[in-house]
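> I would like the atomic coordinates for the input below:
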Amino acid sequence: MKVGSPVEAHEPMAEINITPLTDVFLVLLIIFMVTTPLIMTAGIKIKMPRTQALPSLSERDIILAVTSDERYYVNNTEVPKTRLGDYLRELRIGNKLVVVQADARLAFSVVAGALDVAKGAGAERLAIATEPLPRSPARK
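Predicted coordinates for the structure are as follows:
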């Protein structure tokens, strides 16, 4: 048949347009990329002490969290206390900042023990995470 003949106008289209499907997948990908970091940090419940000075964290930092029931987490992965030093050595923490997020209700000896394990695993830079103090009206 000739192109543009009236008979072709009534034949079904044999092609599938996947552009709308691709658009939906890209939107879903963007949504998941934005929400995943928010979900990953909300898992461990720790009530940290309050101070005025706060450290700024980067992607390279190692977060060592200690909960009120003395459970240890390294970057949101639970690690048994007996294996904590070996696990930190495997991460090659050398010049990375190790930030200890310890529950405020813990005895200082537990926090000091976590710092000691990190130092023994090769950490050169250590910090203790805290929450900011509420601002007083006079300081604004």
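> Pull out the buried positions in the host helix or strand of Val27.
Taking DSSP states H and E as the definition, one finds Val27 inside helix 19-40. Residues of helix 19-40 classed as buried by neighbour count (16 or more other CB atoms under 10 Å): none. The way it works is simple: take the backbone N, C-alpha and C, and place the C-beta from them, glycine included.
> can you give me the mean pLDDT across it?
The pLDDT scores in helix 19-40 average 86.
> which residues in this protein form helices?
Ranges of helices in the chain, per DSSP state H, are 19-40, 84-90, 108-120.
> hang on, the earlier thing: which outside residues touch the helix holding Val27?
Asn76 (CB atoms under 8 Å, 6 or more residues apart in numbering).
> And for stretch 84-101?
In contact with stretch 84-101 (CB under 8 Å, 6+ apart) are residues 44, 46, 48, 55, 57-58, 60-66, 72, 74, 79, 111, 114-115, 117-118, 120-129.
> now it, how far from the chain's geometric center?
Put simply, stretch 84-101 sits 16 Å off its chain's centre (CA atoms, centre = their mean, to the nearest Å).
> Can you point out the buried residues in that stretch?
So, applying 16+ other CB under 10 Å, buried residues of stretch 84-101: 84-85, 87-88, 93, 96-101.
> Stretch 120-129 too?
Applying 16+ other CB under 10 Å to stretch 120-129 flags 121-123, 126, 129 as buried.
> so what's Glu78 up against?
71-72.
> Tell me what it is bridged to.
Tyr73 (DSSP bridges).
> Let me know the distance separating it from Leu21.
Taking CB to CB, to the nearest Å as the measure, Glu78 falls 39 Å from Leu21.
> now swap in Arg105 and tell me
Distance from Arg105 to Leu21, by CB to CB: 52 Å.
> repeat for Leu106
As judged by CB to CB, Leu106 and Leu21 stand 51 Å apart.
> just Leu88 next, same as before
45 Å.
> Also Arg92?
43 Å.
> now swap in Phe32 and tell me
Phe32 is 17 Å from Leu21, by CB to CB.
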